[in-house]
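**Q** predicted coordinates and the sequence they were generated for:
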There are 2 protein chains.
Amino acid sequence: MQRDLDIRVAIIEDDETIREGYAFLIGNTTGYKIAGTYPSFEEAAKKIVQDDPDVILLDVELPGISGIEALPKLKKLLPDTHIIILTVYEQEMLIFRSLGNGAAGYLTKNTQPEKIVAAIKEVTEGGGPMSAHVARMVISSFKRNESTPLTRRETEILEQIATGKSRKRIADELFIDLETVKSHIKNIYYKLDVHSKADAIKAAKDNKFI
Amino acid sequence: MQRDLDIRVAIIEDDETIREGYAFLIGNTTGYKIAGTYPSFEEAAKKIVQDDPDVILLDVELPGISGIEALPKLKKLLPDTHIIILTVYEQEMLIFRSLGNGAAGYLTKNTQPEKIVAAIKEVTEGGGPMSAHVARMVISSFKRNESTPLTRRETEILEQIATGKSRKRIADELFIDLETVKSHIKNIYYKLDVHSKADAIKAAKDNKFI
DNA sequence: TTCTTTTCCCCCTCTTTGGGTTAGTTTTGG
DNA sequence: CCAAAACTAACCCAAAGAGGGGGAAAAGAA
């Protein structure tokens, strides 16, 4: 086995059974090597830089500093290392935050062993491992709520407001009068039961009206 | 040529050159047949049901009713027809929303002819929006630009601004003075070379700083 | 026709924004 | 440890914008 060509994998996971199970699996796969295993981010921070992994498997729910919080810190310690999030949950928010925080991929803990190894290989080659289930969830999150109380024009105007544009600018771009935009906004606020821009944007996004 | 075995393709695209180009290309490929071509959704709505296509190539930016708006209407008219989105720009959000609304795939208009035909074949065989290519795109679209000129605090404040909150409210929620928020915003504007909220949000989103 | 949507008008007050300039404290990196 | 960067805060100003009150005409769809 040529040590220098192996993909070096680190595991940060508090559950010993899972941690050792993954380590055993990966350590016994040709082309892969365990660079280190740690029960928490605090432990990992001490040694992970000299252990120098190519890929880190990171549990989202760690004791102390959570995986989500640890993500940017790990990225800073090891900018070129790919991080794959491990979680039992498959929740939208968590996925978005993980991906937005620099994770290269996302795996649920019940993923089959072969797929875990395949995912590690994939991220080192520049891809992102994403199960069809997760992909479907992410894509469906872009779906609008069809039972919006807002009319087409109101939705359009609220979208523009959400980009930070002024009422005047929206009026100009939609070729309508400023007063018309104001009227629409009054109706939007009434329908969403809010009294400010920020609350309208939040209410609309929460309900997927925009 | 056995008419009944051909894959029937419809094109909804306002640009005549592109429309006829695609029609010529597909019509002259063995196994494919043009079921109809239309310059707008309004035109398509009149005849597309009796033209009965297996696959529809749909432009995102149509005059009148846009492609995005047309998608659910087409799905309702022809529930079993696969729809492939056509776009000039790589408008990620638009593409994702399309996928969420029932599109089976997307193609940019400069795609090579062979790939267009391949994409049509793929969707008729069940390859949908969960292809590795699309999944990769989803992940990369959530990745922040690591070489942001903005500091952590500036990014945080710009994110808050992007939600429509006032400076006062941001100051309160971050437990800092309004004047501090103003200072940060001045620095943000200077760094992004903009002079307004809307422009800062756009510049930051375009560059994936937020 | 009737209802909804879209359009536009007037009034008002108060908040917010963008910009100029300076400066102390804290954190971070070499 | 020291210097640079980041974060914090203060003062000034004019202009623009936001939110809310009321009303009403025109266009479209049901």
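**A** Thanks, I have the structure now. Residues are numbered from 1 along each chain as shown, chains lettered A, B, ... in the order given.
**Q** where does A:Leu57 land in three-state SS?
**A** Taking DSSP: H, G, I helix; E, B strand; the rest coil as the rule, one finds A:Leu57 in the strand state.
**Q** same check, this time on A:Phe175
**A** Assigned by three-state DSSP, the conformation of A:Phe175 is coil.
**Q** any idea how far it lies from DNA strand C?
**A** With distances defined as Cβ to the nearest atom of the strand, to the nearest Å, the gap from A:Phe175 to DNA strand C amounts to 8 Å. C-beta here means a position set from N, CA and C on the backbone, and glycine is covered the same way.
**Q** what about that residue, how many neighbours?
**A** Per other Cβ atoms under 10 Å in any protein chain shown, the neighbour tally for A:Phe175 reads 6.
**Q** could you do A:Phe41 as well?
**A** Taking other Cβ under 10 Å as the neighbour definition, A:Phe41 ends up with a count of 23.
**Q** around DNA strand D, which positions in chain A sit nearby?
**A** Residues of chain A lying close to DNA strand D by Cβ under 7 Å from any atom of the strand are A:166-169, A:182-183, A:185-186, A:189, A:195-198.
**Q** just the buried ones from these?
**A** Buried by 16 or more other Cβ atoms under 10 Å in any protein chain shown: A:Arg167, A:Arg169, A:Ile185, A:Tyr189, A:Lys197, A:Ala198, out of these.
**Q** got a markdown table for those, with pLDDT and secondary structure too?
**A** Listed next are these as a markdown table, based on pLDDT from 0 to 100; DSSP: H, G, I helix; E, B strand; the rest coil:
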| residue | pLDDT | secondary structure |
| --- | --- | --- |
| A:Arg167 | 97 | helix |
| A:Arg169 | 97 | helix |
| A:Ile185 | 97 | helix |
| A:Tyr189 | 97 | helix |
| A:Lys197 | 97 | helix |
| A:Ala198 | 97 | helix |
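**Q** rebuild those residues as TSV, extending it with distance to A:Ala45.
**A** Listed next are these as TSV, based on distance: Cβ to Cβ, whole Å:
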residue	distance to A:Ala45
A:Arg167	49
A:Arg169	47
A:Ile185	49
A:Tyr189	48
A:Lys197	41
A:Ala198	37
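**Q** quick check, nearest of the residues you listed to A:Val117?
**A** When these are compared for distance to A:Val117 (Cβ to Cβ), A:Ala198 wins out at 45.8 Å.
**Q** show the contacting residues for that closest one.
**A** The neighbourhood of A:Ala198, defined by Cβ atoms under 8 Å, 6 or more residues apart in numbering or on different chains, consists of B:Thr163, B:Gly164, B:Lys165, B:Ser166, B:Arg169.
**Q** and those residues, which is closest to DNA strand C?
**A** Distance to DNA strand C across these (Cβ to the nearest atom of the strand) is lowest for B:Ser166, with 3.7 Å.
**Q** distance check, that closest one against A:Glu13.
**A** To A:Glu13, B:Ser166 is 42 Å away according to Cβ to Cβ, to the nearest Å.
**Q** likewise A:Pro63?
**A** As defined by Cβ to Cβ, A:Pro63 lies at a distance of 11 Å from A:Glu13.
**Q** near DNA strand C, anything from stretch A:48-56?
**A** No. When contact is scored as Cβ under 7 Å from any atom of the strand, no part of stretch A:48-56 falls within range of DNA strand C; the minimum is 13.0 Å.
**Q** hmm, which two among the buried ones among the residues of chain A next to DNA strand D are most spread apart?
**A** The largest distance within these, taken as Cβ to Cβ, falls between A:Arg169 and A:Tyr189 and amounts to 19.0 Å.
**Q** also near DNA strand C: which of the residues of chain A next to DNA strand D, exactly?
**A** Applying Cβ under 7 Å from any atom of the strand to the residues of chain A next to DNA strand D, those adjacent to DNA strand C are A:Lys182, A:Ser183.
**Q** pull the most distant pair out of the residues of chain A next to DNA strand D.
**A** Across these, no pair lies farther apart than A:Arg169 and A:His195, at 21.9 Å, counting by Cβ to Cβ.
**Q** what residues does whichever helix or strand A:Gln50 is part of touch?
**A** With the criterion set as DSSP states H and E, the secondary-structure element containing A:Gln50 is helix A:41-51. Residues from elsewhere that reach helix A:41-51, judged by Cβ under 8 Å, 6+ apart: A:8, A:10, A:12, A:35-36, A:38, A:56, A:62, A:64-65, A:67, A:69-70, A:73-74, A:77-78.
**Q** mean confidence score for it?
**A** Average pLDDT, helix A:41-51: 85.
**Q** equivalent analysis for stretch A:125-133, please.
**A** In this model, stretch A:125-133 has a mean pLDDT of 62.
**Q** would you confirm that A:Ile170 contacts A:Ile157?
**A** Yes. Counting by Cβ atoms under 8 Å, A:Ile157 is a contact partner of A:Ile170 at 6.2 Å.
**Q** can you list residues touching both of those two?
**A** A shared contact of A:Ile170 and A:Ile157, defined by Cβ under 8 Å, 6+ apart, is any residue touching both; here these are A:Val181.
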